[in-house]
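Undergrad: the sequence and its predicted three-dimensional model are supplied below.
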Number of protein chains: 2
Amino acid sequence: MSKEPISGTKQRRRSDQVTLSQVAEAAGVSPITASRALNHPDKVSDRARHSVHTAVERLGYVPNLIAGSLASSRSRLVAVIVPSLVNTVFVEVIQGLQETLEAQGYQILLGNTDYDLDREYQLVRTFLGWSCSALVTAGLRHNQACHTLLANWNHPIMEVMELGQAMDLNVGLDHVTAGRCMASHLIKKGYRHIVYVGARLSQDYRAGMRFEGHKAVLQANRLAAPLVELNTLGSLQAGAEGLAQVLAHYPQTQAIHFANDDLAAGALLAAQRQGLRVPEDIAIAGFNGLPLGQHVTPQLTTILSPREEIGRLAASTLIQRLSGKAVEHRQHDVGFTLQAGGST
Amino acid sequence: MSKEPISGTKQRRRSDQVTLSQVAEAAGVSPITASRALNHPDKVSDRARHSVHTAVERLGYVPNLIAGSLASSRSRLVAVIVPSLVNTVFVEVIQGLQETLEAQGYQILLGNTDYDLDREYQLVRTFLGWSCSALVTAGLRHNQACHTLLANWNHPIMEVMELGQAMDLNVGLDHVTAGRCMASHLIKKGYRHIVYVGARLSQDYRAGMRFEGHKAVLQANRLAAPLVELNTLGSLQAGAEGLAQVLAHYPQTQAIHFANDDLAAGALLAAQRQGLRVPEDIAIAGFNGLPLGQHVTPQLTTILSPREEIGRLAASTLIQRLSGKAVEHRQHDVGFTLQAGGST
DNA sequence: AGAAAGGATGGTAGCGCTATCATTCGCAGC
DNA sequence: GCTGCGAATGATAGCGCTACCATCCTTTCT
């Protein structure tokens, strides 16, 4: 008897990849035992496990995870959807997620929405098609279709960055309070003419929430809360532009509250190039606690947000849920820290 | 006849997900026609295509990509392996890849090696198990096992960042030449006591290659080429530390050639905090052309590497190969630009 | 009009793996 | 010796989809 395909049989194998059956044959066990030896090592005898591993080694077997996932309907993939990669904040969250998830044998499927909720919906659809074990997405806002899709999905959903009415799990911080906090700080420092500068607040709506907090505090102090909105998302260049606009439209401004540190640092560096003294001529505050802000002179006043911790905490909460344990706190406030530097 | 499972039949469907067969039934066509309507729309009649799409819409069908990939042994996944996410350089490459790949319906599977080649091997194994359509990895160096695995893999492999003897496709720049270029610039500017500062050059070996170029130029000019190697990878903090070490060990140093802009900018800002004049007391140069370097005063002398372009070019080359077209240039040198700022 | 060519559709048989159930085996307990 | 039990192993039947081939129904050409 040859190993040639029996004529008349449909022959479809295209890749010459080693299969589990071949491993099993080489190890002298049945395919299912080979499968168990690899995936549930405690359920087979030492002898079987050893001969399977030897065969795997010898044949250079690489498990076909697609077939395994189809059969078990578990994929060990975690979808991660962020609005941007340019913004280092999300990269740090991903970093935190990855550390923990990869250690547990999960792989990350990365999606980028570019701050577009329709794009998010498309990504979610695709990712559900991969039978992801869990989904992590930045933010609580989704479009209707996306919301419906996720609501009917029975796997863990982790919404990160902000706190609020989440679909399932939630790790983040309260951006309104963060905005209030910085505004209070600026007022306490004696500034009265304070401008908030953000970029595309309808997209980066968390920056908008911080502005809400900021505005509430200023109004409570009977101060005006002017807003300058830029068109390009956070970058040093945009920060310089923001400074210019503030000086042009609100010449008596004493302090600028920027939506993030990229903008703030850009403005600070631009101010120095123009010979403006910070904070004497103009005070500058940011948000996020990027390393850059700590290295400029004067040091940037900012709010430290624990980004990697968000990622790690999100990951470990997911791992807990995925391993069948109950999660007691479905919502976790990671808080923030006001870091007062010399810039205010 | 009920729709209950016939007793005696093994029943395994766990998820109540809508399947293609259900869509087909609702649309009044066979499953295979429904499949074609979604994946090869030009191969079915308008009527069939329309009724299938209506049924998809009505039932909320989400294609099971795992099943599809298993059957077709094509996954539309592209594995991307980078050594670090903290280093924004790789994030920008990913950004460039993602833009192009997502537009073509490919999804990115992200892996992070932490500059560890054994980790890379593990990731490659996992990713091959996902039947990825292609693999992108940063760098040309792999361990033996990884090399063997990839050599026997018959899908496009794209090695990015550096140029050289690649396994398949290659997009990058010549780091040795880049190092030479900067060294020449410094010498042309009249500096004679020049120190190179890098971090973990055995891991970030591309920085090591730049040092090789740097050293060759200095030696050709009969100059010593001292090296200061730091233990922490690129960060502003490490840059400050590098400056301190140089001042301590090589007090007569006139210029420092840093392995990257993070280090250089950190040193520049630290120098200013200490009242050192740049470039009069100490000249500083970097590599990468990060925005930060362009916003400090004086502007940082650096070498602009086109990171996003690497990503985009890598992606479009892959797309070309994946769509069956021949790729004429398997290697692409994206080059670099010396950007002379006030810091040297 | 009839044949050839081409487009649309469908039946069947897998893709490589694992869930499920059945079987075998060894050993303790009476 | 026999039953009962759990551990180890195996046979079978899918997971949901698409490749492959066969069929059917148009269209076009001689």
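TA: Arrived safely, thanks for sending.
Undergrad: all contacts plus neighbour counts: C-alpha atoms, from now on.
TA: OK.
Undergrad: how far off centre is the lowest-mean-pLDDT helix or strand in chain A?
TA: In chain A, the helix or strand scored least confidently by mean pLDDT, DSSP states H and E is helix A:291-295, which has a mean of 89. Centroid separation for helix A:291-295 versus its chain: 21 Å, with CA atoms, centre = their mean, to the nearest Å.
Undergrad: stretch A:156-171 now?
TA: The answer for stretch A:156-171 is 12 Å, by CA atoms, centre = their mean.
Undergrad: quick check: end-to-end length of it?
TA: One end of stretch A:156-171 to the other measures 13 Å (CA to CA, to the nearest Å).
Undergrad: what comes up buried for it?
TA: Using 16 or more other CA atoms under 10 Å in any protein chain shown as the burial criterion, the residues of stretch A:156-171 that qualify are A:P156, A:I157, A:M158, A:E159, A:V160, A:M161, A:E162, A:L163, A:A166, A:L169, A:N170, A:V171.
Undergrad: my guess is the first one contacts A:D168. True?
TA: In this case it means A:P156. Yes. Taking contacts as CA atoms under 8 Å, A:P156 lies within contact range of A:D168: 6.9 Å.
Undergrad: just the helices from chain A, written as ranges.
TA: Here chain A has its helices, by DSSP state H, at A:20-27, A:31-39, A:46-59, A:65-72, A:88-103, A:117-129, A:144-151, A:175-188, A:205-220, A:236-249, A:261-273, A:291-295, A:307-322.
Undergrad: ok, and for the first one, which residues are buried?
TA: When burial is assessed from 16+ other CA under 10 Å, helix A:20-27 yields the following buried residues: A:L20, A:S21, A:Q22, A:V23, A:A24, A:A26, A:A27.
Undergrad: show the average pLDDT along it.
TA: Regarding helix A:20-27, the rounded mean pLDDT is 94.
Undergrad: who touches it?
TA: A:30-31, A:33-35, A:48, A:51-52, A:54-56, A:59, A:61, A:63 (CA atoms under 8 Å, 6 or more residues apart in numbering or on different chains).
Undergrad: chain B: which of those is nearest?
TA: A:P63 (5.5 Å; CA to the nearest CA).
Undergrad: for the closest one, which non-adjacent residue is spatially closest?
TA: Ranked by CA to CA, 6 or more residues apart in numbering or on different chains and with sequence neighbours excluded, the top spatial neighbour of A:P63 is B:G129, at 5.5 Å.
Undergrad: mind listing what that neighbour touches?
TA: Contacts of B:G129 (CA under 8 Å, 6+ apart): A:V62, A:P63, A:N64, A:L65, A:I66.
Undergrad: for the stretch 51-200 of chain A, which residues are neighbours of DNA strand D?
TA: The stretch 51-200 of chain A has residues A:A67, A:L70, A:A71, A:S72 near DNA strand D, with proximity defined as CA under 7 Å from any atom of the strand.
Undergrad: near A:N288, how many other residues are there?
TA: Using other CA atoms under 10 Å in any protein chain shown, the number of residues around A:N288 comes to 22.
Undergrad: am I right that it is in contact with A:F258?
TA: No. Taking CA under 8 Å as the definition, A:N288 is not a contact partner of A:F258, at 10.5 Å.
Undergrad: what residues are shared contacts of those two?
TA: Counting by CA under 8 Å, 6+ apart, nothing touches both A:N288 and A:F258.
Undergrad: out of the helices of chain A, which one sits most buried?
TA: Mean neighbour count (mean count of other CA atoms under 10 Å in any protein chain shown) peaks for helix A:261-273 among these, with a mean of 25.
Undergrad: give me the distance from stretch A:45-65 to the chain's centre.
TA: For stretch A:45-65, the distance to the chain centre is 37 Å (CA atoms, centre = their mean).
Undergrad: meant to ask about stretch A:231-242, not that
TA: The answer for stretch A:231-242 is 22 Å, by CA atoms, centre = their mean.
Undergrad: now do the end-to-end distance for that stretch.
TA: 10 Å.
Undergrad: can you tell me what sits against it?
TA: A:87, A:197, A:199-200, A:228, A:230, A:260, A:262-271, B:291-292, B:295.
Undergrad: pLDDT on that stretch, on average?
TA: 90.
Undergrad: stretch A:283-290 now?
TA: Mean predicted lDDT for stretch A:283-290 stands at 96.
Undergrad: only alpha carbons, please: show it as CSV.
TA: Extracted in CSV, the C-alpha atoms of stretch A:283-290 (Å, rounded to 0.1, in the frame of the first residue of the first chain):
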residue,chain,number,x,y,z
ALA,A,283,2.0,79.7,32.4
ILE,A,284,1.6,76.3,30.7
ALA,A,285,0.0,73.1,31.9
GLY,A,286,-0.6,69.8,30.2
PHE,A,287,-2.0,66.3,30.8
ASN,A,288,-0.5,62.8,30.7
GLY,A,289,2.8,63.1,32.4
LEU,A,290,4.9,62.3,29.3
